[in-house]
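In: Just to be clear, the model below is a prediction. Sequence and coordinates:
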Amino acid sequence: MAKDHAIVELQHVYQMYGRGERRFTAVQDVNLTVREGEFVVLLGPSGCGKSTLLRIITGLQSPSEGTVLYRGEPLRGVNPHATIVFQTFALFPWLTVLENVEVALKAKGVPAKLRVARALDWIDVVGLDGFEMAYPRELSGGMRQKVGFARAMAVEPELLCLDEPFSALDVLSAESLRGELLELWVGGKIPTKAILMVTHNIDEAVYLADRIVVMEKNPGRIVNELQIGLPHPRQRKSPEYLRIVDQVYALLVGQTQPEAIELGSAPGEPGRTRSLPAIRIGDLAGLLEHVAESAKPAHDVYVLKDELGVDDDYLFRLIDAAEMLGFGTVSQGDFIITPLGETFAAASILARKEIFATRISRIPIFRWLMGLLKAAEGNELEREVILRALELEFPPEEAERQLDIIIEWGRYAELLSYDDDREVIFLERAPAVKTAA
C-alpha cells in the first residue's frame, strides 16, 4: 500500500483534567500523523495517554487544546470514518454473534436486508462461520474478540483503532488473532486504509507495526518514533528482528538519570513530584536475586522479561523501583545491579527491611509524609487528609494508588503503620492496647 495521504493529524494536542491547583496534564503537546497504508503502534507504559489519544482521534473525547484533522478537515464530534476495538470484548451478552455484528451496521443506518448479508460476510472473514447464532457465553476469549473485530470492520472504517485488543486473551489466542489480523491487513482483505494500535507489549509492536511511536508518562508525550523496515511475515528469531526489539527496549527503559532527577521532588516543592512504581516488593527482590546469581555484569532488559515471566509494563516498573532505590542502573537497554542491590539480594529478611527503610527515607514523597506524621499530634493522620494533599499533585485515582504504595512500602520497612478500621496512618510504634468502649 502507498503511504502518501494523511488520514489523521494531531497538532499540538493537550488533554488536561481538573481545575485550578488540581489541574493535571494527561497528554502534552502531541503531534502525530497517520497516513494511508500505515500500521502505526502507540507504545508506552500504562498511564502515558495512549488510550486517551485513541478516544480523541475517534471523536469520543475532545482535546483540551490543539487541533485534530481528518482528511485535512477539523474533526467535530464522533469520527464517522473511524472505529475502535477495545481490550474488553464489549459484546451484548443477550445478542447472538450475528446480532452483535449487526448492531454496528444498524447504528450506521444500513437497511435490515443488507445488514444481515454484510454481517455474515464479516463473520466468515474472521473465521467464525458456523457460530452466527451462538451467544458470547458460548465462545472462548479469542472468539469473542473476533466478534469485536467483525463488528468494527463491518462498517468498513477508513481508520481502525485498536486499544490493546489482545491483552485480555491467553498467549496462544492472542498470537493466533495477531496472525489473522496481519493476514487480513497485508493481504488487502479489509477495506481499512490505516490501523492505529495501542499496546505496551514490545514484541507485539515490532511484529505488527510499520512505525512505532514511543510515549512516556508524567505527562503523556511522544519521545521517539521508529520505522520498522522488515517485510511480513517477520521472523522473531532473526538478528534484524532481535536488534529492533533490543532498540525499542532501550528507548522505553531509558537511561538511569542523576539522583535528583530519579527521585524527583516532594509535594509542595518546585519540580515534578515523583510517583512510586506499583510493584510487589517480593518481585523486586526476585529480580535482584535473579540478576545477582548470574555471572553476567549486564542483562538485556528484553531477555529479563522472558526469564522472569512478566510483561513489559511490569518489568519496567520493577526496574524503575530498582533505580529509585539505588539497587540497579540502566544503560543502553541493559540492567546492571549495583553493589547495594547485590547486598540486598543476599541479605536476610530483617537486613533487607533495614536496607529498604534507609533507601525509601531518601525518596522525597516518602520523606514528606514522614515529616507530616512527626509534626502531627500523636504522630498520626487520617488517610483522607493525606489523600487530599496528594490530590494537589496527582489525579484522584493516581493519588489513591500512590498512598497505597507509600503505606505498603512503609509497612514493609517497619516505618509506618496503618489502622484500616480508623483509616489512620501513623509512625511505627508498639501497638496500642484496645479498651472497651
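Out: Right, received. Where do you want to start?

In: For the rest of this, base every contact and every neighbour count on C-alpha atoms.
Out: Will do.

In: What ranges does the stretch 201-350 of the chain have for its helices?
Out: Applying DSSP state H, counting those that start in this stretch to the stretch 201-350 of the chain gives helices spanning 202-208, 239-253, 259-263, 281-292, 301-308, 312-325, 339-346, 349-360.

In: same check, this time on the stretch 51-200 of the chain
Out: Under DSSP H, counting those that start in this stretch, the stretch 51-200 of the chain gives helices at 97-107, 112-125, 141-154, 171-186.

In: Report all helices and strands that the longest one contacts.
Out: Yep, that's helix 171-186 we're talking about. Applying 3 or more Cα pairs under 8 Å, 6 or more residues apart in numbering; DSSP states H and E, one finds that helix 171-186 contacts helix 141-154.

In: how much does the helix it packs on deviate in direction from helix 112-125?
Out: 130 degrees (axes from the mean of the first three to the mean of the last three Cα atoms, to 10 degrees).

In: one step back: now tabulate the helices of the stretch 201-350 of the chain in a markdown table and tack on mean pLDDT, mean neighbour count and distance to Glu391.
Out: Formatted as a markdown table, the helices of the stretch 201-350 of the chain follow (pLDDT from 0 to 100; neighbours: other Cα atoms under 10 Å; distance: least, Cα to Cα, whole Å):
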| stretch | mean pLDDT | mean neighbour count | distance to Glu391 |
| --- | --- | --- | --- |
| helix 202-208 | 93 | 21 | 32 |
| helix 239-253 | 89 | 18 | 27 |
| helix 259-263 | 77 | 15 | 19 |
| helix 281-292 | 94 | 18 | 25 |
| helix 301-308 | 87 | 16 | 33 |
| helix 312-325 | 93 | 22 | 22 |
| helix 339-346 | 94 | 18 | 32 |
| helix 349-360 | 95 | 16 | 21 |
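
In: Can you tell me the SS state at Ile405?
Out: Under DSSP: H, G, I helix; E, B strand; the rest coil, the three-state class of Ile405 is helix.

In: Give me the neighbour count for it.
Out: Counted with other Cα atoms under 10 Å, residues neighbouring Ile405 total 18.

In: Please report how far the spatially most central residue of the chain lies from Leu182.
Out: The residue lying closest to the centre of the chain (Cα atoms, centre = their mean) is Ser46, at 2.2 Å. Using Cα to Cα, to the nearest Å, Ser46 is found at 25 Å from Leu182.

In: what does Arg243 give?
Out: Note on Arg243: its distance to Leu182, by Cα to Cα, is 22 Å.

In: Equivalent analysis for Leu196, please.
Out: Counting by Cα to Cα - Leu196 and Leu182 are separated by 13 Å.

In: cool, and Tyr412?
Out: Tyr412 is 46 Å from Leu182, by Cα to Cα.

In: Contacts for the helix or strand hosting Leu369, please.
Out: For Leu369, the host element (DSSP states H and E) is helix 364-375. Contact partners of helix 364-375, identified using Cα atoms under 8 Å, 6 or more residues apart in numbering, comprise 263-267, 273-275, 360-361, 379-381, 406, 426-427.

In: mind redoing it with 10 Å?
Out: For helix 364-375, contacts defined as Cα atoms under 10 Å, 6 or more residues apart in numbering pick out 260, 263-269, 273-276, 360-362, 376, 379-381, 386, 390, 402-403, 406-407, 409-410, 415-416, 425-427.

In: Equivalent analysis for stretch 227-240, please.
Out: 40, 179, 182-183, 186, 203, 205-213, 241-242, 244-246.

In: The same query, at a cut-off of 6 Å, please.
Out: With contacts defined as Cα atoms under 6 Å, 6 or more residues apart in numbering, stretch 227-240 is touched by Asp210, Arg211.

In: got the buried residues for that stretch?
Out: For stretch 227-240, the neighbour count (16 or more other Cα atoms under 10 Å) marks Ile228, Leu230 as buried.

In: Regarding it, how distant is the last residue from the first?
Out: Stretch 227-240 has its terminal residues 13 Å apart, counting by Cα to Cα.

In: and if you look at stretch 340-358?
Out: 12 Å.

In: Same question for stretch 68-85.
Out: 20 Å.

In: Flag every buried residue along it.
Out: Using 16+ other Cα under 10 Å as the burial criterion, the residues of stretch 68-85 that qualify are Val68, Leu69, Tyr70, Leu75, Val78, Asn79, Ala82, Thr83, Ile84, Val85.

In: now, which of these sits nearest Gly130?
Out: Nearest to Gly130 among the buried residues of stretch 68-85, counting by Cα to Cα, is Val85 at 22.6 Å.

In: so how far is Glu225 from Asp246?
Out: 15 Å.

In: That should have said Arg35, apologies.
Out: From Arg35 across to Glu225, the span is 15 Å (Cα to Cα).

In: So those two - more neighbours on which side?
Out: Arg35 (20 against 16).

In: Excluding sequence neighbours, find me the nearest residue to that one.
Out: Excluding the flanking residues, the one nearest Arg35 by Cα to Cα, 6 or more residues apart in numbering is Ala6, at 4.1 Å.

In: picking that back up, which of the contacts of helix 364-375 are buried? Put it as a PyMOL command.
Out: Per 16+ other Cα under 10 Å, the buried members of the contacts of helix 364-375 correspond to this PyMOL selection:
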select buried, resi 263+264+265+266+267+273+274+275+276+360+361+379+380+381+386+390+402+403+406+407+409+410+415+416+425+426+427
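
In: Any chance of the buried residues of stretch 68-85 in CSV with distance to Gln255 and pLDDT as columns?
Out: Output for the buried residues of stretch 68-85, formatted as CSV (distance: Cα to Cα, whole Å; pLDDT from 0 to 100):
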residue, distance to Gln255, pLDDT
Val68, 33, 95
Leu69, 35, 95
Tyr70, 36, 94
Leu75, 38, 92
Val78, 40, 89
Asn79, 39, 90
Ala82, 37, 90
Thr83, 37, 88
Ile84, 34, 87
Val85, 34, 85
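
In: quick one: which of those is nearest Thr52?
Out: Taking Cα to Cα as the measure, Thr52 lies nearest Ile84 of the buried residues of stretch 68-85, at 12.2 Å.
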